[in-house]
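Student: need a structure here:
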Amino acid sequence: QVQLVESGGGLVQAGGSLRLSCTASGRTFSTAAMGWFRQAAGKEREFVAGISWAGSSTYYADSVKGRFTISRDNAKNTAYLQMSILKPEDTAVYYCALNRVVTVTTHWGYWGQGTQVTVSS
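Tutor: Predicted structure coming up:
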């Protein structure tokens, strides 16, 4: 069984930065894709970024391209989401997810519990 634990959320002013971390238990991390999703109040969960198992391919939603960077450290079983130039519309609960491959749908095999990111204007 895989467990994912996010950390790093919080309150930040517009234009600021945050780095989210997602640490996985289990032996499948280094051979699995990782992704970040977010869900704002009253909205559906949406894809933010994804990274292949080796880190050689990354994918981003148009709304975060150029501002967010996804990365991973397989030796630490941890994935990261570096968020910069944050905007109030980035406010949401952010979830990490693990799957065999990256997909922009929510059909991922494992999910973390989520971490709140709030961007004040």
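Student: Can you check the pLDDT for the residue most central in space within the chain?
Tutor: Residue closest to the average C-alpha location in the chain (C-alpha atoms, centre = their mean): Trp36, at 2.5 Å. Confidence at Trp36, expressed as pLDDT, is 98.
Student: Let the chain start at 43 from now.
Tutor: Shifting the count to begin at 43 puts that one at Trp78.
Student: I'd guessed it sits against Val135; true?
Tutor: No. Contact criterion C-beta atoms under 8 Å: Trp78 and Val135 do not qualify, at 11.2 Å. Glycine gets a C-beta too; all of them are placed from N, C-alpha and C.
Student: ok, back up a step: now do the contacts for the residue nearest to the centre of the chain.
Tutor: 62, 64, 90-92, 112, 121, 123, 136-139 (C-beta atoms under 8 Å, 6 or more residues apart in numbering).
Student: repeat for Thr111
Tutor: 91, 100, 123-124, 126.
Student: For it, grab phi and psi.
Tutor: The phi/psi pair for Thr111 (degrees, to the nearest 10) reads phi -130, psi 130.
Student: how near is Arg114 to Thr133?
Tutor: 25 Å (C-beta to C-beta, to the nearest Å).
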